[in-house]
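Chemist: Fold the following, please.
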Amino acid sequence: MDQQTTTSRRGSGAAIDAALAEGRKGLVIYLPVGFPTVERSVAAARTAVAAGADVVELGLPYSDPGMDGEVIQHATTQALAQGTRITDVLRAVEEVAETGAAVLVMTYYNPVLRYGVERFARDLASAGGAGLITPDLIPDEAGHWVAAADEHDLDKVFLVAPSSTDERLAMTAEASRGFVYAASTMGVTGVRSAVDTHARELVARTRSAGAQRVCVGLGVSTGEQAAEVAEYADGVIVGSALVRTLQEPDEKAALSALGTLVEDLATGVRR
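Modeler: Okay, the predicted model is just below:
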């Protein structure tokens, strides 16, 4: 990345606030870079923005995705096998950020360490990225990343779960910038038939701990579920259901299915 060339970028908090100002909630979508190819993952993300997504999470493929469900594990394994690397992710960030959406990278922390924390923050900002979601990094062990993110004006999105103590919620709320990611279920990600009933309580607890914005993920797959979560969360996060549409071999059909699903989800967060 050219350090001197910085793409105009939008923060995830600003994107969610804009949605709230319209009297609705934010729609956050996750797609792994490199599935089924780098180019098609970028096209999918741009299609999702056109269909109503406010924030895009671009997944950095990782060899040991312990928190991801079967659909995303399969996608990231294929992406890695095809040679997808951090440079591809940064290029994807730049191309998706051109849409005007806020673009976060979701990554386990080890690739950031290997790349170099300061270098990663610099190159992500240069590409127009809004920041990072780091599912396996807790705030009290994130000093190096926090410093680099603050230097480059990047969002720091940390996760909370139903098992988080009040002390942990407060620490996470204070450390996060953009939003707090509330994992609505325990365990790995994936499509579920019903959104976990603990989600509403977790959002309330996280807000009470000081979080300005709380978005809920891990399980939403339909517009109806998105509407349910939008009753109490600031944003709704959807991943596995969208990745599943990209399993369709025909690119045109896959993008059409993804766009239709995002439109349904976008309608849900507007109810």
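Chemist: roughly how far is whichever strand or helix holds residue 228 from the heart of the chain?
Modeler: Under the criterion of DSSP states H and E, residue 228 resides in helix 223-230. Put simply, helix 223-230 sits 17 Å off its chain's centre (Cα atoms, centre = their mean, to the nearest Å).
Chemist: ok, now stretch 139-146?
Modeler: With Cα atoms, centre = their mean, you get 19 Å for stretch 139-146.
Chemist: chain center to the lowest-mean-pLDDT helix or strand in the chain: distance?
Modeler: Ranked by mean pLDDT, DSSP states H and E, the weakest helix or strand in the chain is helix 70-81, scoring a mean of 88. Put simply, helix 70-81 sits 17 Å off its chain's centre (Cα atoms, centre = their mean).
Chemist: re the thing from before, and the helix holding residue 228, what other elements does it pack with?
Modeler: strand 235-238, helix 251-269 (3 or more Cβ pairs under 8 Å, 6 or more residues apart in numbering; DSSP states H and E). To be clear about C-beta, it is placed using only N, CA and C from the backbone, and glycine gets the same treatment.
Chemist: Show me the contact partners of that helix.
Modeler: Contact with helix 223-230 is made by 24-25, 27, 184, 194-195, 199, 216, 219-220, 236, 238, 264-269, 271, as judged by Cβ atoms under 8 Å, 6 or more residues apart in numbering.
Chemist: Need the three-state assignment for residue 56.
Modeler: Under DSSP: H, G, I helix; E, B strand; the rest coil, the three-state class of residue 56 is strand.
Chemist: Can you give the strand pairings for the top strand by length along the chain, parallel or anti for each?
Modeler: As assigned by DSSP state E, the longest strand anywhere in the chain is strand 26-32. If you go by DSSP bridges, strand 26-32 pairs up with strand 55-59 (parallel), strand 235-238 (parallel).
Chemist: And the average pLDDT for the helix holding residue 228 is what?
Modeler: Average pLDDT, helix 223-230: 93.
Chemist: Report the mean confidence score over stretch 164-177.
Modeler: Mean predicted lDDT for stretch 164-177 stands at 98.
Chemist: How about residues contacting that stretch?
Modeler: Contact partners of stretch 164-177, identified using Cβ under 8 Å, 6+ apart, comprise 11, 13, 131, 138-140, 142, 146, 149, 154-160, 180, 202, 205-206, 208-212.
Chemist: try 10 Å
Modeler: 11-13, 130-131, 133, 138-140, 142-143, 145-146, 149-150, 153-161, 180-183, 202, 205-214 (Cβ atoms under 10 Å, 6 or more residues apart in numbering).
Chemist: Show me which of those residues are buried.
Modeler: 11-13, 130-131, 133, 139, 142, 145-146, 149, 154-161, 180-183, 202, 205-207, 209, 211, 213-214 (16 or more other Cβ atoms under 10 Å).
Chemist: continuing past the least confident helix or strand of the chain, what's the next helix or strand?
Modeler: helix 86-97.
Chemist: Could I get the average pLDDT for that next one?
Modeler: 98.
Chemist: Tell me the helices and strands packed up against the helix or strand containing residue 150.
Modeler: Under the criterion of DSSP H and E, residue 150 resides in helix 143-151. Applying 3 or more Cβ pairs under 10 Å, 6 or more residues apart in numbering; DSSP states H and E, one finds that helix 143-151 contacts helix 109-115, helix 117-126, strand 131-133, strand 155-157, helix 166-175.
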